[in-house]
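Undergrad: Sequence and predicted model, in that order:
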Amino acid sequence: MAEASFNKIAPDDRALDKREFCEILGIAPSTLYERIARGQIPPPLRLLGARSSRWLLSDAQAILAAAAAQRVAHPACAKKKPQPEAPAPTAMKRARRAREVA
């Protein structure tokens, strides 16, 4: 994710605490801090003193959008082969009965 996108703050953006931010991203707090250290997630904003850390909702949304774009671009997600249709229930029952008799 580009560093410049971390610096844009919309007037209607919401500040999230660590629990909310991690919940939205679906990650543990330890993973959050690992990704901050690697530069994959922006560091928290320090509000009202050193003990108040907040992340922006727009940052979480940008991280999720980038992950979704990466997933769509991944070769494994390209064109999947169609799955064969499941046999009709009656055919399944006949096959089960044939195995039981044999």
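TA: Happy to help now that I have it. Quick caveat, the model's predicted, so the values are computed rather than measured. Residues are numbered from 1 along each chain as shown.

Undergrad: helices and strands around the lowest-mean-pLDDT helix or strand in the chain, which ones?
TA: When each helix and strand of the chain is scored by mean pLDDT, DSSP states H and E, helix 89-101 comes last, with a mean of 75. Of the remaining helices and strands, none touches helix 89-101 by 3 or more C-beta pairs under 8 Å, 6 or more residues apart in numbering; DSSP states H and E. C-betas here are computed from N, CA, C, even on glycine.

Undergrad: Now find how far off-centre that helix is within its chain.
TA: Centroid displacement of helix 89-101 relative to its chain, using C-alpha atoms, centre = their mean, to the nearest Å, is 42 Å.

Undergrad: Extract the C-alpha trace of it and format it as PDB.
TA: In PDB, the C-alpha atoms belonging to helix 89-101 read as follows (Å, rounded to 0.1, in the frame of the first residue of the first chain):
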ATOM      1  CA  PRO A  89     -30.800 -38.000  -5.400                       C
ATOM      2  CA  THR A  90     -32.400 -41.000  -7.000                       C
ATOM      3  CA  ALA A  91     -29.200 -42.000  -8.700                       C
ATOM      4  CA  MET A  92     -27.300 -41.700  -5.400                       C
ATOM      5  CA  LYS A  93     -29.900 -43.900  -3.700                       C
ATOM      6  CA  ARG A  94     -29.600 -46.500  -6.400                       C
ATOM      7  CA  ALA A  95     -25.800 -46.500  -6.100                       C
ATOM      8  CA  ARG A  96     -26.000 -46.800  -2.300                       C
ATOM      9  CA  ARG A  97     -28.400 -49.800  -2.600                       C
ATOM     10  CA  ALA A  98     -26.100 -51.500  -5.200                       C
ATOM     11  CA  ARG A  99     -23.200 -51.200  -2.800                       C
ATOM     12  CA  GLU A 100     -25.200 -52.600   0.100                       C
ATOM     13  CA  VAL A 101     -26.400 -55.600  -1.900                       C
END
